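Participant: 3D model of this:
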Amino acid sequence: MNFSSMQYFIAVAEERSFTRAAQRLMVTQQTLSAHIAGVERELGVRLVNRKVPLTLTYAGEVLLGYARRFETDRRAMEQEFADISGDERGLLAVGIASTRGRLLLPRALSAFHELKPGVRIIVDEEENEELVEALREGRVDMVVATVPKGVPGLEVRLLRTEQIVLVASWQLLRDLYGSNGQAVANEVMRTGSLASLEGCPFLLLGRHDEPGDLSRRLIEESGLEIEPAVVSSNSETLMELATRNMGATFVPIDLARAMVGESSSTMCVMNLGPAARIDIHIAWRTSTHVWSVITDFADLLQSQAGEEEPSS
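Facilitator: The predicted model follows:
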């Protein structure tokens, strides 16, 4: 068994499909299946239940833990020797939520490519909880996410504080509250409470994303009992639905500014104040040696965040 065995098994375990795993690894399905069968013979156990959907046996779950640790150690070894040799090449895996990635990464990755053209980047877009778990498991090298306090084994830096705003169309507010639409919006912005939005449909992110959790807390604290009109993992989709009068949605203020643009006369952006702010962190695993590329990219992100005007 070797590192390739571990990479092959991780792909099968994560994809839950020999076909998708083979496509991801760029090998034939027959080669992959034969390789996994060889590992099973070597260990003397069955690792996967070959049915649809594919599942891992208990032995497979145990091997997956070892395989991920081996893969993390392999990447760390390659990165440390790259630093020793001064070779600024390699693969950096960055985890980030899709909306935040749209706002932060184009500028950062472009500048980083100029500094280190030999470094290739993989961007893994997932919800917040999944990003932190991916980092802990070693599936990514670093994340830009809201990292809970006290997560063991992680180095965490504050990147920025993100203001979340509530966006709805003026047409929706008029349809719901008639001539009081402007007054309702003003009351929300004055108090930060959503109580005056009784009867308003809400478009929410999922529960595993920090803005989604924040929006639910704000709704509950305002005394509203709702069933979301739409739940999505994509803030841009929710913003588009808001422009079509489907409901009100919670998004970062930078996204609201970017997407509302010339529609400011038709869209209402309600600042919810300090209670609707989220700390965004950069994090990576603690280790006896941290790849210089990780800390260099973190430094670049922090430098660019420091150049931006604070969101208000």
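
Participant: pretty sure Pro53 is in a strand, no?
Facilitator: No. Pro53: not assigned to a strand; according to DSSP: H, G, I helix; E, B strand; the rest coil it is coil.

Participant: now do the buried residues in stretch 49-62.
Facilitator: Buried residues in stretch 49-62, counting neighbours by 16 or more other Cβ atoms under 10 Å, are found at 54, 56, 60. C-beta: built from backbone N, CA, C; applies to glycine.

Participant: same question, stretch 180-199
Facilitator: In stretch 180-199, counting by 16+ other Cβ under 10 Å, buried: 181, 184-185, 187-189, 192-194, 196-197.

Participant: nearest to Glu127 among these?
Facilitator: Nearest to Glu127 among these is Leu194, at 23.0 Å by Cβ to Cβ.

Participant: quick one, phi psi at Pro252?
Facilitator: phi -60, psi 140 (degrees, to the nearest 10).

Participant: beta partners of it?
Facilitator: Beta bridges link Pro252 to Ile164, judged by DSSP bridges.

Participant: burial of it, as a residue count?
Facilitator: 21 (other Cβ atoms under 10 Å).

Participant: and the gap between it and Arg160?
Facilitator: 10 Å (Cβ to Cβ, to the nearest Å).

Participant: what strand or helix carries Ser287?
Facilitator: Ser287 belongs to no helix or strand when elements are defined using DSSP states H and E.

Participant: show me the strands in the stretch 201-312 of the chain, by range?
Facilitator: Using DSSP state E, counting those that start in this stretch, the strands of the stretch 201-312 of the chain run over 202-205, 230-232, 248-252, 267-271, 277-285.

Participant: now render these as CSV, adding mean pLDDT.
Facilitator: Shown next, in CSV, are the strands of the stretch 201-312 of the chain (pLDDT from 0 to 100):
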stretch, mean pLDDT
strand 202-205, 94
strand 230-232, 93
strand 248-252, 94
strand 267-271, 94
strand 277-285, 95
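
Participant: Asp141 is nearest to which of these?
Facilitator: strand 277-285 (6.3 Å).

Participant: show me what the closest one is packed against.
Facilitator: helix 128-137, strand 142-145, strand 154-169, helix 210-221, helix 292-307 (3 or more Cβ pairs under 8 Å, 6 or more residues apart in numbering; DSSP states H and E).

Participant: hmm, which two among the buried residues of stretch 180-199 are most spread apart?
Facilitator: Gly181 and Gly192 (18.5 Å).

Participant: could you dump the helix or strand where Glu114 lies to CSV, C-alpha only?
Facilitator: For Glu114, the host element (DSSP H and E) is helix 98-115. Presented in CSV, the C-alpha positions along helix 98-115 are these (Å, rounded to 0.1, in the frame of the first residue of the first chain):
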residue,chain,number,x,y,z
SER,A,98,-19.3,30.8,-2.7
THR,A,99,-20.6,34.3,-2.1
ARG,A,100,-17.6,35.3,0.0
GLY,A,101,-15.4,33.8,-2.7
ARG,A,102,-16.9,36.0,-5.3
LEU,A,103,-16.3,39.1,-3.2
LEU,A,104,-12.7,38.3,-2.1
LEU,A,105,-11.0,35.9,-4.3
PRO,A,106,-10.8,37.3,-7.8
ARG,A,107,-8.6,40.2,-6.7
ALA,A,108,-6.6,38.2,-4.2
LEU,A,109,-5.9,35.2,-6.5
SER,A,110,-4.9,37.5,-9.3
ALA,A,111,-2.4,39.4,-7.1
PHE,A,112,-1.1,36.1,-5.6
HIS,A,113,-0.5,34.6,-9.1
GLU,A,114,1.7,37.6,-9.9
LEU,A,115,3.7,36.9,-6.7
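
Participant: list the buried ones in the following helix or strand past it?
Facilitator: Sequence-wise, the next helix or strand downstream of helix 98-115 (DSSP H and E) is strand 119-125. By neighbour count on 16+ other Cβ under 10 Å, the buried set for strand 119-125 is 119, 121, 124-125.

Participant: adjacent strands (with direction) for strand 119-125?
Facilitator: strand 90-96 (parallel).

Participant: now the partner strand: mean pLDDT?
Facilitator: Computed over strand 90-96, the mean pLDDT rounds to 92.

Participant: so what touches that strand?
Facilitator: Outside strand 90-96, the residues that touch it by Cβ atoms under 8 Å, 6 or more residues apart in numbering are 78-79, 82, 104-105, 118-126, 131, 134-135, 139-145, 291, 293-294, 297.

Participant: sweet, I'm off.
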